[in-house]
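**Student:** what follows is a predicted structure for the sequence shown.
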Amino acid sequence: MLSAPENESAAARFERLSRYLQTLCLAVGIVHGTSFLVLLTLTLINRDDLLQVQLTTDFGGVVCVLAAYPVAATLLPFPLITSLFHIFESRNAGDYFRAVLLRGVTWHDWLEYSITNGLMTFSKLTLVGANNVVLLTVAVLVNVTMQIFGYFQQRQNAPRQRSLEFVAWGFLPWAALWVLQLTYLIEASGRLPGFVVAGVAGTLPFSILFVLPLVWRRYTSLEDIEANFWGQVMYYFLSLTSKLYLDWVISLGNTLSPNASLPQIAESPACHAPVSFATD
């Protein structure tokens with residue numbers, strides 16, 4: 001199906017692979033969009049039994065709860081956002097097909113990953129009890145840094161410079177995020193529902209595999225346009241499976257275990273203590 005016709009011109013090859021890419025991109029967008037609608041339906045049906053997470057501050061040992069909300073509020077958006085990105089890309093928004101196939105550098109994808117993986121990281125941290133807004137903000141920014149390194153690695157590999165420099169740099173924020181997630185997960189595992197443990201821990205293999213297209217692009221002997229095409233197909237598959245895995249494990253687990261709950265942080269008595277101002 002994907003084999004090149006004999007004596008195919010460069011322009012014809014681009015058009016052929018663009019059509020395949022458009023079909024795949026649209027299909028992935030539809031799957032994500034359908035997943036969002038089904039998960040939204042489950043969320044509305046179970047709206048009285050949704051897992052509640054908290055946002056807190058901790059200054060000088062004084063813990064205050066800023067908000068409590070269903071974790072679905074941050075889990076639901078990322079399949080919708082991913083769906084919209086893929087649908088727009090399938091319409092060649094931002095000259096997408098040339099970016100993927102000819103330049104081999106797709107800022108579109110790294111922008112989407114910064115948003116959606118940021119939401120995934122935020123959701124997983126709140127699920128395992130990392131509720132401090134300062135910590136969560138730093139984690140989201142570290143995620144953005146990781147995606148920037150991925151973008152620069154893609155730029156470096158596109159002209160066949162044969163380097164993994166930015167993969168190595170990107171390992172640092174990746175490792176920091178996973179040390180944080182696993183530390184909180186291990187500490188709280190005995191108090192968390194089993195499906196939460198499975199959902200958070202189960203995303204680790206997907207996270208490791210996400211570097212595969214960058215490394216493969218470094219070593220493959222395929223021609224540039226073919227290598228760019230197959231690298232993008234890998235990203236479609238990894239993005240689809242990792243996002244659907246987390247959302248569906250948490251949503252189905254919550255649906256099948258409506259009485260499940262997460263440990264809640266108690267506020268410090270001083271949090272709402274009246275502030276007094278000394279006067280002379």
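**Tutor:** Done, it's in.

**Student:** and stretch 71-81, which residues are buried?
**Tutor:** 71-72, 74-76, 78-81 (16 or more other CB atoms under 10 Å). All C-beta spots, glycine's among them, are computed from the backbone N, C-alpha and C.

**Student:** wait, residue 57 sits on residue 136?
**Tutor:** No: contact between residue 57 and residue 136 fails when scored by CB atoms under 8 Å: they sit 10.8 Å apart.

**Student:** which neighbours do these two share?
**Tutor:** Residues touching both residue 57 and residue 136 (CB atoms under 8 Å, 6 or more residues apart in numbering): there are none.

**Student:** where in the chain is pLDDT low?
**Tutor:** 1-7, 158-162, 272-280 (pLDDT under 70).

**Student:** strands of the stretch 1-150 of the chain, residue ranges please.
**Tutor:** For the stretch 1-150 of the chain, applying DSSP state E, counting those that start in this stretch gives strands covering 52-59, 62-70.

**Student:** minimum distance to residue 140: which of those strands has it?
**Tutor:** Residue 140 lies closest, by CB to CB, to one member of these: strand 52-59, at 12.8 Å.

**Student:** gap between that closest one and the chain center?
**Tutor:** 22 Å (CA atoms, centre = their mean, to the nearest Å).

**Student:** what angle sits between it and strand 62-70?
**Tutor:** 160 degrees (axes from the mean of the first three to the mean of the last three CA atoms, to 10 degrees).

**Student:** buried residues in strand 52-59?
**Tutor:** 53-56.

**Student:** ok, which of the strands of the stretch 1-150 of the chain comes nearest residue 220?
**Tutor:** Closest of the strands of the stretch 1-150 of the chain to residue 220 is strand 52-59, at 41.7 Å (criterion: CB to CB).

**Student:** by contact count, what packs against the closest one?
**Tutor:** In terms of contacts (3 or more CB pairs under 8 Å, 6 or more residues apart in numbering; DSSP states H and E), strand 52-59 is packed against strand 62-70, helix 107-127, helix 133-157.

**Student:** next, the angle strand 62-70 makes with the biggest helix by length in the chain.
**Tutor:** When the chain is parsed with DSSP state H, its longest helix is helix 10-45. Angle of helix 10-45 versus strand 62-70, following the same axes, to 10 degrees, is 100 degrees.

**Student:** relative to helix 107-127, how tilted is helix 10-45?
**Tutor:** 20 degrees.

**Student:** alright, that wraps it up for me.
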